[in-house]
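Student: could you work out the structure for the sequence below:
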Amino acid sequence: MAHPFPFSAIVGQDEMKLALLIAAVDSSIGGVLVFGDRGTGKSTAVRALAALLPQMHVVVGCRYGCDPNATTLCEDCRSRQAQGALKSKLAAVPVVDMPLGATEDRVVGALDLERALSRGEKAFEPGLLARAHRGFLYIDEVNLLEDHLVDLLIDVAASGENVVEREGLSVRHPARFVLVGSGNPEEGELRPQLLDRFGLSVEVKTPQDLASRVQVVRRRDEFERDPVGFSKKWSREEGRQRRHILAARERLASITVPDATLERAAQLCMRLGTDGLRAELTLIRAARSLASLDGDLTVGDSHLRRVAPSALRHRLRRDPLDESGSTLRVERALVDEFGP
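Tutor: Model prediction:
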């Protein structure tokens, strides 16, 4: 779509929008999982955020969209760099859809058959992971993804690099992206190994009040009838939001996390019985990103409270003696830890 729906014009779904903004400020948080009803704006929000973000510098002619100022480059860019300075240009932040039925070759890349047959040369044809580098990899119905693709994504998400060794090819290239998955929990659960790789998890629901539903329909209808005019109408607010994200990114490195806040985060995770330390790390990173968005220079209890449900609800063990949902368990733990 030439004109994605403006991010600022999305009605409600505040938790989802905040989680996406947090991930846009600090991509190391690990992506966002969005579970909920169909038709609640999940894919619309992802594409809207990517269009909202400022363009990025990429190396001219690079098939992987390498950052000319990055320390980690693909082999081609390293070769060019040895011969002189890399030329760069501005490009839009990519949003790549990964279909459920995608083959492994399409995801990681494979031998370029056309070039092999016509010229007798072995060349690599980049896959979806290469296209998503420095952008967003969006998987709808992620809970229905095949196991071998889940394993592949876990490896790449952990290393930030895609390695392909097959058919006489040996290629490795950077593949760092914000992984965004969506789905309906009624259609199946996500494998714990992949679930743990998502930094934040949010729940979206169909609006239940009349005013919100009417506003959603009105804005969507107005956009579909005149995408250009609607986008122009929201351009000032989109520009303000873009500057807000840029300022938060620049401020992020200067945000401090006091020892007392670290202890609070650890105590909360211990109270909930989360496994490993990824929960604490994600909670602190998300709270720091939120503080940066808020313009605060120190992470405090208020930031932890706001991001805790998103950072922790998908990391809880099942409790056979507690039938309440994970969100309610996190909220109870927050009250016990911080007070009402």
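Student: from memory residue 60 sits against residue 90, does it?
Tutor: No: assessed by C-beta atoms under 8 Å, residue 60 is found out of contact with residue 90, at 10.6 Å. All C-beta atoms are positioned from the backbone trio N, CA, C, and that covers glycine.
Student: nearest residue to residue 86 other than its sequence neighbours?
Tutor: Once flanking residues are discounted, residue 86 sits nearest to residue 68: 4.4 Å by C-beta to C-beta, 6 or more residues apart in numbering.
Student: wait, isn't that neighbour in contact with residue 61?
Tutor: No: look at residue 68 against residue 61 with C-beta under 8 Å: they stay out of range, at 11.4 Å.
Student: overlap of the contact sets of the two?
Tutor: Taking C-beta atoms under 8 Å, 6 or more residues apart in numbering as the criterion, residue 68 and residue 61 both touch residue 87.
Student: who has more neighbours out of these two?
Tutor: The neighbour comparison of residue 68 against residue 61 (other C-beta atoms under 10 Å) goes to residue 68, with 18 against 11.
Student: contact partners for the more buried one?
Tutor: 57, 58, 59, 77, 86, 87, 88.
Student: point out where the protein drops to low pLDDT.
Tutor: Low-confidence segments of the chain, defined by pLDDT under 70, are located at 1-2, 112-122, 167, 318-325.
Student: mind redoing it with 80?
Tutor: 1-3, 36-42, 110-125, 158, 165-170, 184-194, 196-197, 276, 317-325, 339-340 (pLDDT under 80).
Student: and it, what are its domains?
Tutor: What automatic domain parsing lists as the domains of the chain is 7-55+92-204, 259-338.
Student: what about the longest one, start to end distance?
Tutor: Taking C-alpha to C-alpha, to the nearest Å as the measure, domain 7-55+92-204 stretches 16 Å from start to finish.
Student: swap in the shortest one?
Tutor: The stretch domain 259-338 measures 16 Å between its terminal residues, going by C-alpha to C-alpha.
Student: one step back: which SS state does the residue nearest to residue 86 fall under?
Tutor: Here residue 68 is coil, with the state taken from DSSP: H, G, I helix; E, B strand; the rest coil.
Student: ok, residue 125 next?
Tutor: Secondary structure state of residue 125, per three-state DSSP, is strand.
Student: does it touch residue 109 like I think?
Tutor: Yes: applying C-beta under 8 Å, one finds residue 125 in contact with residue 109, separated by 5.8 Å.
Student: so those two - more neighbours on which side?
Tutor: Each of residue 125 and residue 109 has its neighbours counted (other C-beta under 10 Å); residue 109 has more, 25 against 17.
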